[in-house]
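[1] Sequence and predicted structure are below.
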Amino acid sequence: MNYDACIKKAIEYIEHNLDKKIKLKDLADMVFLSKYHFHRVFHAVVGEPVAEYIRKRRLIEAADELLNTDDKIVDIAFKYQFNSQEVFTKAFKKLYGIPPREFRRNRITSALSMAA
């Protein structure tokens, strides 16, 4: 079985559905593997667990929205399936080292200093 093709198909699905609930069972079913086996293969191919990959991809997309939209942080958090702004802020800070509000504020400060 070509696991690379299976994982590629799963990643494409994940990428198109970051703003929706994604279940491990649905991903595994899509590529005709058990949840257990899919998780092991995904981790081996990608280098991180499925849930961690999805969480990072959602945070990357959220960071892009923080920089390029004026949407409220809580709305971005809910869009990318975080249960609360607090949970989102904690995950964001863990990945980027600063909270989302400061991340957005630094973009404005950087843009102003570049214009000067």
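    Nice, I can see it. Treat the numbers as computed from the prediction; the structure is a model and nothing was measured. Residues are numbered from 1 along each chain as shown.
[2] residue contacts, the nearest residue to residue 53 once chain neighbours are set aside?
    Spatially, and ignoring its direct neighbours in sequence, residue 53 is nearest to residue 46 (5.8 Å; C-beta to C-beta, 6 or more residues apart in numbering). All C-beta atoms are positioned from the backbone trio N, CA, C, and that covers glycine. Residue 46 sits next to 7, 11, 53 when contact means C-beta atoms under 8 Å, 6 or more residues apart in numbering.
[3] let's see 10 Å
    When contacts are counted by C-beta atoms under 10 Å, 6 or more residues apart in numbering, residue 46 touches 7, 10, 11, 52, 53.
[4] burial measure for residue 86, as a count.
    Using other C-beta atoms under 10 Å, residue 86 has 11 other residues around it.
[5] My read is that it contacts residue 77, right?
    Yes: with contact defined as C-beta atoms under 10 Å, residue 86 and residue 77 form a contacting pair (8.8 Å).
[6] distance of the residue nearest to residue 53 from residue 84?
    Look at residue 46 and residue 84: by C-beta to C-beta, to the nearest Å, they are 28 Å apart.
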